[in-house]
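K.L.:
Any chance you can model this:
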Amino acid sequence: MAVWHVSTIAPEAAEVAREYGLGLEIAHFCTPYNMDDDFGYWDGLVRKDIQGVSGVTLHAPFSELCGAAIDPLVREVTRHRFEQAYQLALGYGATRMVVHSGFLPVLYDVDWFAEQLAAFWRGFLQAHEGDCLIVLENVFETEPGMLARIASEVDDPRFWLCLDLGHANTSGAGAPLDEWVKTMGPHLAHVHVHNNHGDFDHHLLPSEGSIDMRAVLPVLHGLSEDVSFALECQKPRAAVEWLQQNALLWNRD
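P.N.:
The predicted structure is shown next:
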């Protein structure tokens, strides 16, 4: 699997991935009904896109989904959507499936939420075979400790974390970026790379915001040779060229 992937939030993602020998992160099914309505169209598009790329990851749907939802019917829908996505991930040969927790800081008690979500993912993994890793991404979490706790309590070799650098840099994150890196680092398998100015989740190029990517990316790369990275920006070619110019476009032999 390639170290670097390009998210298909950018229309030219597959072209850039093939040109530079990178992997592809499939974002087509972030919209959950794409797994239902016109699935044949989306499946055909994905299968065309992944031809000739050096590895695949898949971003699972997330809209209104939460494995720790207070309403048990929402949990059922969440499980169903993640089951659909996991089977797709296995079918596409993905090594990682990115998921959101669904946490909202004004709604959930942190301790209760962590306990419930850990139980959800323990049950999910016990019920499903396959070697695709589940990687839990920070979105609206205000600090990294809850995610690290969930990973520890799931305690499964297929469950890891995804550090989204842009999300960790926004004003709602509540903790400095180096704390996110330090706390999530022991559980880290995947990193979403995009930048902003600390105010809003703009998904800018790595070179454009207030995150010093020249400093943070080598630290994350040094945590483990198994950590992968995905560019989540609309101009992946410019992002890849910047990484290349700064000796950050690592690859695996």
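K.L.:
what residue is smack in the middle of the protein?
P.N.:
V98 (3.9 Å; Cα atoms, centre = their mean).
K.L.:
Mind jotting down where the strands sit in the stretch 101-250 of the chain?
P.N.:
133-137, 159-164, 188-193, 228-231 (DSSP state E, counting those that start in this stretch).
K.L.:
Now render the ones you listed as a markdown table, adding mean neighbour count.
P.N.:
All C-beta atoms are positioned from the backbone trio N, CA, C, and that covers glycine. Below are these laid out as a markdown table (neighbours: other Cβ atoms under 10 Å):
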| stretch | mean neighbour count |
| --- | --- |
| strand 133-137 | 24 |
| strand 159-164 | 25 |
| strand 188-193 | 25 |
| strand 228-231 | 26 |
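K.L.:
so which of those comes closest to L177?
P.N.:
strand 159-164 (9.4 Å; Cβ to Cβ).
K.L.:
If you count neighbours, what's buried in the helix or strand containing L88?
P.N.:
L88 belongs to helix 72-91 when assigned by DSSP states H and E. Neighbour-count burial for helix 72-91 flags 74-75, 78-79, 81-82, 84-86, 88-90 (criterion: 16 or more other Cβ atoms under 10 Å).
K.L.:
Nearest residue to N246 in space, please, no chain neighbours.
P.N.:
With Cβ to Cβ, 6 or more residues apart in numbering as the criterion, N246 has its nearest non-adjacent residue at 5.8 Å, and that residue is R214.
K.L.:
returning to what we had before: orientation of the helix holding L88 relative to strand 133-137 in degrees?
P.N.:
130 degrees (axes from the mean of the first three to the mean of the last three Cα atoms, to 10 degrees).
K.L.:
just the helices in this structure please.
P.N.:
Secondary structure of the chain by DSSP state H: the helices cover 13-20, 39-49, 72-91, 110-127, 145-154, 165-168, 177-184, 213-221, 236-245.
K.L.:
Which other helices and strands does the longest one contact?
P.N.:
For helix 72-91, the elements it packs on are strand 56-59, strand 96-100, helix 110-127, judged by 3 or more Cβ pairs under 8 Å, 6 or more residues apart in numbering; DSSP states H and E.
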